[in-house]
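Enquirer: What follows is a predicted structure for the sequence shown.
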Amino acid sequence: MSRLEKMKENYNQIPIPKELNVRIQQEIQKSQRQWEEKRKAIQRQRFQKVIRRVEATAAAACILFTAALNISPVFAKEAAQLPVIGGLARVLTFRSYETEKNDIAVSVEIPTIEMIAADTKITADNINQEILALCSQYADDAVLRAEEYRTAFLGTGGTPEEWAQHNIKITVNYEIKQQNSDYLSVVIRGTESWTNAYSETNYYNLDVNTGELVTLKDILGSDYMELANAQIRKQITERQKAGELFFTAEEGGFTGISENTKFYINETNRPVIVFERYEIAPGSSGDIEFEIGGN
């Protein structure tokens, strides 16, 4: 055996510390989180541009919706049967459609908030315009991403038949988390079956008595940050003992909430704080939720 071969053999026999594998995984997860934050920042910039373009068309769309109630007896009957929230507000499906082109399926349901009591002069027009812009922009961007993926797939030797087997589905829908005489809490989600990198979730929590969006401070009080942080840290400790994995602070894990922390209101009128995948735990854990109680 030559000297060079002997050196190569000795090198290959060097054991790799387990700590190195752990560190590599941590760096991969850190890189994924940084990439996700950059992507969201770009999306926010694009969304602001779309908001300005959609404001005018959204007002016209609201007129069309009212006209649909007046013109179509079937539509009006179905709308009238939808639940009324404390006699003040209700959620309607403003627009719903399904399409498929080039084996890319799209399903979209866009909600709108309607204030029932006209004498209060409370409206949710601004919120509805934002929701319409948000859903429309996500659907358009998702279709564009899928088309680019299809072009790349076919351009590198894939066949149309193989592409069809990918079963690409783009979905925009909503879920009502709470509806009573105090709050309306709606979650809007955008997902793409072929990737988790571009999934998007937005939360709208409305005080139906004022028509204003509520914050954690409105619900929990002026010391809401300290209260929420203490309860979250306690819950993390309990869940770690049960086997759940969370990033440490050094790994980019939980260090405290902010004014922009996402939440919805559950059936007991308590806020549920939500962290998206990779924010404070490995991606395999999905979204992480913490219900926060009062003082």
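Expert: That came through fine.
Enquirer: And the next helix or strand past the one helix or strand Leu227 maps to?
Expert: Here Leu227 is covered by helix 224-241, with elements defined by DSSP states H and E. Sequence order places strand 262-265 as the next helix or strand after helix 224-241, per DSSP H and E.
Enquirer: That following strand pairs with which strands, and in what direction?
Expert: Strand 262-265 sits in its sheet next to strand 271-275 (antiparallel), going by DSSP bridges.
Enquirer: Go ahead and confirm Ser185 touches Leu206.
Expert: Yes - here Ser185 reaches Leu206: they are 7.5 Å apart, a contact under C-beta atoms under 8 Å. For glycine as for every other residue, the C-beta is placed from the backbone atoms N, C-alpha and C.
Enquirer: Where does pLDDT dip in the protein?
Expert: Applying pLDDT under 70 to the chain flags the ranges 1-87, 117-119, 294-295.
Enquirer: Could you rerun that using 80?
Expert: By pLDDT under 80, the low-scoring segments of the chain are 1-89, 116-121, 294-295.
Enquirer: where exactly do the helices run in it?
Expert: Shown for the chain, the helices assigned by DSSP state H span residues 3-12, 18-71, 73-80, 125-155, 160-164, 216-220, 224-241.
Enquirer: what about Asp125, how many neighbours?
Expert: When neighbours are counted by other C-beta atoms under 10 Å, Asp125 registers 15.
Enquirer: nearest residue to Asn173 other than its sequence neighbours?
Expert: Once flanking residues are discounted, Asn173 sits nearest to Glu109: 4.7 Å by C-beta to C-beta, 6 or more residues apart in numbering.
Enquirer: So what pairs up with that neighbour in the strands?
Expert: Beta bridges link Glu109 to Ser96, judged by DSSP bridges.
Enquirer: what number of residues lie near it?
Expert: If you count neighbours by other C-beta under 10 Å, Glu109 ends up with 16.
Enquirer: right, and it touches Glu175 too?
Expert: No - taking contacts as C-beta under 8 Å, Glu109 lies outside contact range of Glu175: 10.2 Å.
Enquirer: one step back: between Ser185 and Leu206, who's got more neighbours?
Expert: Applying other C-beta under 10 Å to Ser185 and Leu206 shows that Leu206 carries more neighbours, namely 26 against 23.
Enquirer: Let me see the contact set for the nearest residue to Gln178 once chain neighbours are set aside.
Expert: Closest residue to Gln178 apart from its sequence neighbours, by C-beta to C-beta, 6+ apart: Ser185 at 4.0 Å. Applying C-beta atoms under 8 Å, 6 or more residues apart in numbering, we find Ser185 in contact with 176-179, 203-206, 264-266.
Enquirer: What of Tyr264?
Expert: Shown in contact with Tyr264 (C-beta under 8 Å, 6+ apart): 177-178, 185, 187, 203, 205, 271-272, 274.
Enquirer: Quickly note the distance from it to Tyr204.
Expert: Look at Tyr264 and Tyr204: by C-beta to C-beta, to the nearest Å, they are 9 Å apart.
Enquirer: and if you look at Val274?
Expert: Relative to Tyr204, and taking C-beta to C-beta, Val274 is found at 13 Å.
Enquirer: more crowded one of the two?
Expert: Neighbour totals were compared for Val274 and Tyr204, and Tyr204 leads with 23 against 17 (other C-beta under 10 Å).
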